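# Let me see the structure of the following:
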Amino acid sequence: MKSNKGSKFFENSSIYMFSSVISFVISILVLPVYTRFLSPGDFGIIVLFMMFGTMLAQFASMNLHFSSYRYYFKYKEDLEKFITLNSSNMITVLIIFALTGIIIYSLAEWFSSLLFNGELTKKLIQLSFFYGCFDYLYLYLITLLTAKEKAMSFAVITILRALLGSALSFYYIFEYSLTYMARINGLLISQAISVLFLIYITRTMFAFRFSCNSLKESIKLSFPLIPNQALGMIHGSFDKVMLNLYQGTFSIGYYSFGARFAEVLKMVIDSINKVWEPFFMNLAHENNAHSKQKIVSRFYTITFILMVVGLGVIYFSEEMIKLLTTEEFYPSIYVVPVYVYFYLFAIIGSITSPQISFSEKMIYILPSTAVSVSINVCLNLLLIPKYSAIGAAGATALASLFSQMISYYYAMKLFPLPLSKKKLLTIYLITIVYTIMIYPIIVFQINFLLKILLKIVLITTFIFFGIRLNFLEVNFLDKLMRKVKFQP
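Alright, predicted model coming up:
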């Protein structure tokens, strides 16, 4: 039975990974079309459009999708009780969205002027909220699919949404010669269709019933997450609002492109974490010196592998951007190396997050989030007026660094591990040196093939240093290639 569960876990993880990769590949392959018909300013408007509606809808929802997800496992042996709770949550969300929609409709012009300098018009503000509602309903329903371990349905819907969104955007570009509205129309319609499919797939988890007691139970669980969510909203939107106010939508376009290419590293981190966290928890329960050392040794190896991937993204994003976009988007090349460090610093969270989770004291996540938001806001105010998109990326990366330092402090108090700060600092310093070395190669006009060769040589020497400094477990890599999974 245990092996069957383990087999299902890795099978589902592979399916989730596959759908993520395919969706990402689709988003990259369509860039040559988008960047020839849409300007960086158009992309900036699209980013603001998605940001406003998504954040507003998620905040208004009170995280009730999280309660439905959590209580599915508690009440899955009593499905009638879960259906009552789940239906009460969904009805509440729909009522909140209707009431919030009335407010947004009335104040759309005010939001446009105050937050977006008129770049998002009254109509776009109203459409943005509709998009946000569909996006949250998608999140709610897709979360129920993951609770039921319907990995294949998840993959089909995820890939369908990506294909449909791109196809519809192309239709509006070529048939109606639209720019950013083509992408916005594609996003709205594909999101609405995806939600309809999800409603059909999850229909047995809902009924026309409402219980105040069930709703109270859900709110009691989800309400403590609201302060952390509010801080996260500030963290995720302040840089874009500031960029728009000081530099306009073109700078947001460069910033969003840099972030998009850096997300390659995020995708790899998320995939590794799917198997790293069970590995950590299994050994953490043994709670002895040997198991803790095994956790730390594996963490060093994972950290170094992710550093290599991060440097790969930093080094070769120049070629990818030049291949997939037009010259108008080339300034985003300089954003990628800085933004990648947002994820490189977040690698520390791969060990501190399970430490805090294992201690079952989730309140200690809040200090790091508060520190991250405070530093992010201050640095954005300082850096964006002078350095535009690169300043915003730097503020995001430095905020991530300080946030992870706070998490590290509390995690080591809650579940101590023999993690060497000196060794961790060494690998980061070496990575920073190798990052600095790439800028002259990017700036100077060097032969294309020679530039590629130089980058390959640099990454090879980086790997060599990692092996010499015992960051890379050769035996582990051999096992990883053969089994592609972690076993304590």
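# after the host helix or strand of E175 comes which helix or strand?
According to DSSP states H and E, E175 maps onto helix 151-176. Using DSSP H and E, the helix or strand that follows helix 151-176 in sequence is helix 180-201.
# Just the residues contacting that following helix, thanks.
Applying CB atoms under 8 Å, 6 or more residues apart in numbering, the external contacts of helix 180-201 come out as 34, 37-38, 42-43, 45-46, 49-50, 124, 127, 130-131, 134-135, 137-138, 141-142, 145, 150, 153, 157, 160-161, 164-173, 176, 178. All C-beta atoms are positioned from the backbone trio N, CA, C, and that covers glycine.
# Please check those and keep the buried ones.
34, 37-38, 42-43, 45-46, 49-50, 124, 127, 130-131, 134-135, 137-138, 141-142, 145, 150, 153, 157, 160-161, 164-166, 168-170, 172-173, 178 (16 or more other CB atoms under 10 Å).
# so where's the stretch 1-150 of the chain shaky on pLDDT?
Applying pLDDT under 70 to the stretch 1-150 of the chain flags the ranges 1-13.
# can you pull out the strands in it?
Applying DSSP state E, counting those that start in this stretch to the stretch 1-150 of the chain gives no strands.
# Which parts of it are helices?
2-29, 31-37, 40-60, 64-75, 79-116, 122-147 (DSSP state H, counting those that start in this stretch).
# Dump these to a markdown table, plus distance to F462.
Formatted as a markdown table, the helices of the stretch 1-150 of the chain follow (distance: least, CB to CB, whole Å):
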| stretch | distance to F462 |
| --- | --- |
| helix 2-29 | 25 |
| helix 31-37 | 28 |
| helix 40-60 | 32 |
| helix 64-75 | 40 |
| helix 79-116 | 42 |
| helix 122-147 | 36 |
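# Out of those, the one nearest L283 is which?
Closest of these to L283 is helix 2-29, at 15.2 Å (criterion: CB to CB).
# For the nearest residue to V308 once chain neighbours are set aside, pull up the helix or strand it's in.
Ranked by CB to CB, 6 or more residues apart in numbering and with sequence neighbours excluded, the top spatial neighbour of V308 is I463, at 6.2 Å. According to DSSP H and E, I463 maps onto helix 448-468.
# And that helix, what does it pack against?
Using 3 or more CB pairs under 8 Å, 6 or more residues apart in numbering; DSSP states H and E as the contact criterion, the neighbours of helix 448-468 among helices and strands are helix 289-324, helix 421-443.
# deepest of the ones you listed, which one?
helix 289-324 (a mean of 19; mean count of other CB atoms under 10 Å).
# buried set for the helix holding I463?
Quick answer for helix 448-468 (16+ other CB under 10 Å): K451, L454, K455, I459, F462, I463, G466.
# Flag whichever of those scores worst on pLDDT.
Among the buried residues of helix 448-468, G466 carries the lowest pLDDT, at 82.
# isn't I463 right next to V309, touching?
No. Assessed by CB atoms under 8 Å, I463 is found out of contact with V309, at 11.5 Å.
# which other helices and strands contact the longest helix seen in the chain?
For the chain, the longest helix by residue count, based on DSSP state H, is helix 365-414. Using 3+ CB pairs under 8 Å, 6+ apart, the elements in contact with helix 365-414 are helix 226-246, helix 249-286, helix 336-346, helix 349-359.
# Looking at these, which is nearest to M90?
helix 226-246 (18.7 Å).
# hmm, back to that, please identify the most buried of the helices and strands packed on helix 365-414.
Most buried of the helices and strands packed on helix 365-414, by mean neighbour count (mean count of other CB under 10 Å): helix 336-346, with a mean of 24.
# from the middle of its chain, how far away would that helix be?
13 Å (CA atoms, centre = their mean, to the nearest Å).
# then that helix to CSV, C-alphas only?
Below are the C-alpha coordinates for helix 336-346, written out as CSV (Å, rounded to 0.1, in the frame of the first residue of the first chain):
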residue,chain,number,x,y,z
VAL,A,336,16.9,39.0,-16.1
PRO,A,337,20.2,38.6,-14.2
VAL,A,338,18.9,40.8,-11.4
TYR,A,339,15.5,39.3,-11.2
VAL,A,340,16.9,35.7,-11.2
TYR,A,341,18.3,36.5,-7.7
PHE,A,342,14.8,36.8,-6.4
TYR,A,343,14.5,33.0,-7.0
LEU,A,344,18.1,32.2,-6.1
PHE,A,345,17.7,33.8,-2.6
ALA,A,346,14.4,32.0,-2.3
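# got the angle between that helix and helix 421-443?
Going by axes from the mean of the first three to the mean of the last three CA atoms, to 10 degrees, helix 336-346 is angled at 170 degrees with respect to helix 421-443.
# What helices and strands are in contact with helix 336-346?
So helix 336-346, by 3+ CB pairs under 8 Å, 6+ apart, packs with helix 249-286, helix 289-324, helix 365-414, helix 421-443.
# tell me the average confidence for the third one?
Just to be clear, that refers to helix 365-414. 88.
# what about I103, how many neighbours?
As a burial measure, I103 scores 12 neighbours (other CB atoms under 10 Å).
# how near is it to I125?
11 Å (CB to CB, to the nearest Å).
# same thing with M17?
For M17, the distance to I125 - CB to CB - is 36 Å.
# who has more neighbours, the two?
I125 (24 against 17).
# The more buried one is in contact with S112, isn't it?
Yes. Counting by CB under 8 Å, I125 does reach S112; the two are 5.4 Å apart.
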